[in-house]
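Trainee: Task: produce atomic coordinates for the following.
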Amino acid sequence: MCGIAGFFSLNKHFSEADLIAMTDSMQHRGPDANGFYVNQAKTLGLGHRRLSILDLSTFANQPMFSADDRYVIVFNGEVYNFKDIQKKHNIVTKTTSDTEVILALFQKLGVDCVNELNGMFAIAIYDKQEDELFLFRDRLGVKPIYYFFDGSNFAFGSELKAITKAPFVKQHITINHSAIASFLYLGYIPEPETIYNNIFKFPSGSFATLSQKGLSIKSYWKAEEKIVPNTQNDFATAKQELKNLLHSSIEYRMIADVPYGAFLSGGIDSSTVTAIAQEISPLPLKTFSIAFDDAKHNEAEFARAVSSHLKTDHHEFRVTEKEALSFVDRIASAYDEPFADSSSIPTMFVSKLAREHVTMTLSGDGGDELFHGYGMYTWAQRLNTPFVKALRGPIAAGLSLMGNRYKRGAQVFNYPTEQRIKSHIFSQEQYFFSENELPLILNKAFCSPITLNENFSSARKLSAKEEQALFDINCYLKDDLLVKVDRASMQFSLEARTPFLDYRLVEFALNLNENLKVKDGVQKYLLKEVLYDYVPRELFNRPKWGFSIPLNKWLQTDLKYLIDSHLSKEAVEQFGVLNYTHIASLKQRFFAGEDFLYQRLWLCVLLQIFLKNNS
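Mentor: Residues are numbered from 1 along each chain as shown. As a prediction, the model looks like this:
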């Protein structure tokens, strides 16, 4: 795990000093070493910050050069099957790192090499002879790449802060109005947009070629293109295949030359990863969980029970409310653009504490999207029935006259169009602003239409639940959950690996009959059946809880100062983005008892903080 940065500018608008500043802004991503390469013409630069995981020697430092000195690579992430690739292609190496194998494979196959890589990666390779730069991003978008491009000048980095360190970039970016609307609607800014004009998120499952002729970006993998006409319907066959894939994926992700462990919340996903990893590990696996004083948000006892059964080396950290609150101010600096997922706070905390014991950890991200673990999928099915479609207006009107829970539910029925239903379900499940509310909360100049692509064609007719899950894989998982874990863990130089997002496992789940994902009302049915081979099912007879904080309560108590400070009339009108009349109404309703509005106020607070810090 590392941080990478670079530039390609025939006009020589970037310098070696810029490259060093860009790279060193991400020292937290790679505290072990740094390295830089600038070509003789000063038109290309590559920078690297290293967190040593494989081959801890200095010989594996980057930038790394090919044996013939033609190619230069900087690379963030891990390619787990590098030993298989090395054997298959008879690659002779001087190090035991995956970086050298990737570079040798590129020499042999060119851009097609990416199809053989199983891992999480953001790769930049420069061809000195042809003066071409190549970029690659992994299939699911686990590892980030941001890039600036104005038609002639290109810069990239693992984080936004790296790119904005370059003076030329800073002079040529402005706030992206359409991204603000997307943020208030989704709680994150979806690919390819960022909060800045001219800076973009490099698309997942894609590679780029950059030369004097310009920039070309092509896709090599899309989830919807991996859907086949027929599903796997047999329970016994599916269970064995899932078990084999999980074992293979987790075994791959346990390859490391440093101490490692696993996040263990006590839920289905982290418990499955931990159980199989413990079976593979020759020593008791180190596991990590945090405990909150607030019982509603405390799963520590369940993690403790799972650990006790599996006999892991468990580390439980009790977090006081005061300690958790101290991380609120860290969100803006860690995420670089407005980002509303408040579970980033406990994720930062468990990452910080895990880093005291290990350098790499396994995470359970992806299980809900692959095996239908969210309530959103029930909503998708419900809204797809003819009865609800015909009467959703009256249903919404009736629910809006009832208590808070029903008022919130009323919003879900008020989707604007069939084409926008998936993002609408997500938005309202998260208590964010609906598309209909955006003209109320945003002043006219900032009220841009939502341009999110959420409709995908595939070889098989998908159910409403499957379509909602595909939306989550392409959008929510990639641009929210994976961003959250990457920034939170890398704040503390901790590598987080995601076994559920092995592309082989994703392709299997995409073509699994949905009746094996949800059966008789039991969500993640097949995955649970695999887990119960390792851990007694009685430990999981409880409602699903998310990895969350009591943000609702905090905004009424210890975090109320954020509302008072950033959502005052003076503060709101200073930037002119939000409509204070609507803000005042939200505040009044929230403190009068409509507590489901807390997420809307949280969005506004974070946006105001960003505007203040970047005005």
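
Trainee: wait, what's in contact with F596?
Mentor: In this structure, F596 makes contact with 404-405, 407-408, 431, judged by C-beta atoms under 8 Å, 6 or more residues apart in numbering. In this view, the C-beta of every residue, glycine as well, is placed from N, C-alpha and C.

Trainee: quick one: S493 and R50 touch, right?
Mentor: No - using C-beta atoms under 8 Å, S493 and R50 do not qualify as a contacting pair, with a distance of 10.3 Å.

Trainee: about what we covered before: among the contacts of F596, which are in helices?
Mentor: Counting by DSSP state H, the part of the contacts of F596 found in helices is 404-405, 407-408.

Trainee: Which of those are buried? Put it as a PyMOL command.
Mentor: One line in PyMOL is enough to select the buried members of those, burial here meaning 16 or more other C-beta atoms under 10 Å:
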select buried, resi 407+408
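
Trainee: Quickly name whichever of the ones in helices among the contacts of F596 is closest to K88.
Mentor: Minimum separation from K88 among the ones in helices among the contacts of F596 (C-beta to C-beta) is found for R408, which lies at 53.4 Å.

Trainee: Name the nearest residue to that closest one, ignoring sequence neighbours.
Mentor: Among residues not flanking R408 along the chain, F596 sits closest, at 4.6 Å (C-beta to C-beta, 6 or more residues apart in numbering).

Trainee: Residue ranges in the stretch 51-200 of the chain under the pLDDT threshold?
Mentor: Counting by pLDDT under 70, the stretch 51-200 of the chain contains no low-confidence range.

Trainee: Of the ones in helices among the contacts of F596, which pair is most distant in space?
Mentor: The most widely separated members of these are R405 and K407, with 7.3 Å between them, by C-beta to C-beta.

Trainee: list the contacts for the residue nearest the centre of the chain?
Mentor: Within the chain, the residue whose C-alpha comes closest to the C-alpha centroid is L482; the distance, by C-alpha atoms, centre = their mean, is 1.5 Å. With contact set as C-beta under 8 Å, 6+ apart, L482 has these partners: 140-142, 365, 498.

Trainee: Which strand or helix spans it?
Mentor: Element membership for L482 (DSSP states H and E) is helix 482-490.

Trainee: The closest residue to F339 other than its chain neighbours: what's it in contact with?
Mentor: Nearest-residue entry for F339: Y188, 5.9 Å, with adjacent residues in sequence omitted and distances by C-beta to C-beta, 6+ apart. Counting by C-beta under 8 Å, 6+ apart, Y188 makes contact with 182, 339-341, 476, 479-480, 483.

Trainee: Quick check on those residues: which are buried?
Mentor: Among those, those classed as buried by 16+ other C-beta under 10 Å are 182, 339-341, 476, 479-480, 483.

Trainee: how about the closest residue to E193 other than its chain neighbours, what does it touch?
Mentor: Here the nearest residue to E193 in space, its sequence neighbours aside, is A179; by C-beta to C-beta, 6+ apart that works out to 4.8 Å. For A179, the contact set (C-beta under 8 Å, 6+ apart) comprises 189, 193-196, 337.

Trainee: Also A324?
Mentor: Taking C-beta under 8 Å, 6+ apart, we find A324 in contact with 292, 345-346, 349, 549.

Trainee: if we take those residues, which one ends up nearest to A60?
Mentor: A60 has its nearest neighbour among these in F349, at 30.9 Å by C-beta to C-beta.

Trainee: I'd assumed L325 was in contact with that closest one.
Mentor: No - using C-beta under 8 Å, F349 is not in contact with L325; the gap is 11.0 Å.

Trainee: These two: who's more crowded?
Mentor: Here F349 and L325 are compared on neighbour count by other C-beta atoms under 10 Å; more neighbours surround F349, at 21 against 15.

Trainee: Can you tell me how far the residue nearest to R408 is from K407?
Mentor: In this structure, F596 and K407 are 7 Å apart, going by C-beta to C-beta, to the nearest Å.

Trainee: what's the answer for K553, then?
Mentor: Here K553 is placed at a distance of 19 Å from K407 (C-beta to C-beta).

Trainee: chain center to stretch 175-188: distance?
Mentor: Here stretch 175-188 shows a centroid-to-chain-centroid distance of 17 Å under the convention C-alpha atoms, centre = their mean, to the nearest Å.

Trainee: How far off centre is stretch 370-390?
Mentor: Average the C-alpha atoms of stretch 370-390, do the same for its chain, and the two points are 24 Å apart (C-alpha atoms, centre = their mean).

Trainee: Please identify the buried residues of that stretch?
Mentor: So stretch 370-390, judged by 16+ other C-beta under 10 Å, has buried residues 370-374, 376-381, 383-384.

Trainee: do the same with stretch 108-117
Mentor: Neighbour counts using 16+ other C-beta under 10 Å place 113-114, 116-117 of stretch 108-117 among the buried residues.

Trainee: how far does it stretch from start to finish?
Mentor: Counting by C-alpha to C-alpha, to the nearest Å, you get 14 Å between the two ends of stretch 108-117.

Trainee: which ones are touching V577?
Mentor: V577 sits next to 180, 442-443, 446, 607, 611 when contact means C-beta under 8 Å, 6+ apart.

Trainee: Show me the shaky parts of the protein.
Mentor: Along the chain, the model assigns pLDDT under 70 to residues 1, 294-298, 544-547.

Trainee: again, only using 80
Mentor: Applying pLDDT under 80 to the predicted model, the residue ranges of the chain that meet it are 1, 55, 292-299, 403-404, 408, 542-548, 615.

Trainee: Now do the SS call for L353.
Mentor: For L353, the reduced secondary structure class is helix; criterion used: DSSP: H, G, I helix; E, B strand; the rest coil.

Trainee: Just give the closest residue to it, not the sequence neighbours.
Mentor: In space, not counting the residues next to it along the chain, L353 is nearest to F317; the distance is 4.6 Å by C-beta to C-beta, 6+ apart.

Trainee: and the strand or helix carrying the one you found, C-alpha only, in PDB?
Mentor: Under the assignment given by DSSP H and E, the secondary-structure element containing F317 is strand 313-319. C-alpha atoms of strand 313-319 as PDB (Å, rounded to 0.1, in the frame of the first residue of the first chain):
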ATOM      1  CA  ASP A 313      -5.800 -13.100  19.400                       C
ATOM      2  CA  HIS A 314      -8.500 -10.500  20.000                       C
ATOM      3  CA  HIS A 315      -7.900  -6.800  20.800                       C
ATOM      4  CA  GLU A 316     -10.900  -4.800  21.900                       C
ATOM      5  CA  PHE A 317     -10.600  -1.100  22.300                       C
ATOM      6  CA  ARG A 318     -13.200   0.800  24.300                       C
ATOM      7  CA  VAL A 319     -13.800   4.300  22.800                       C
END
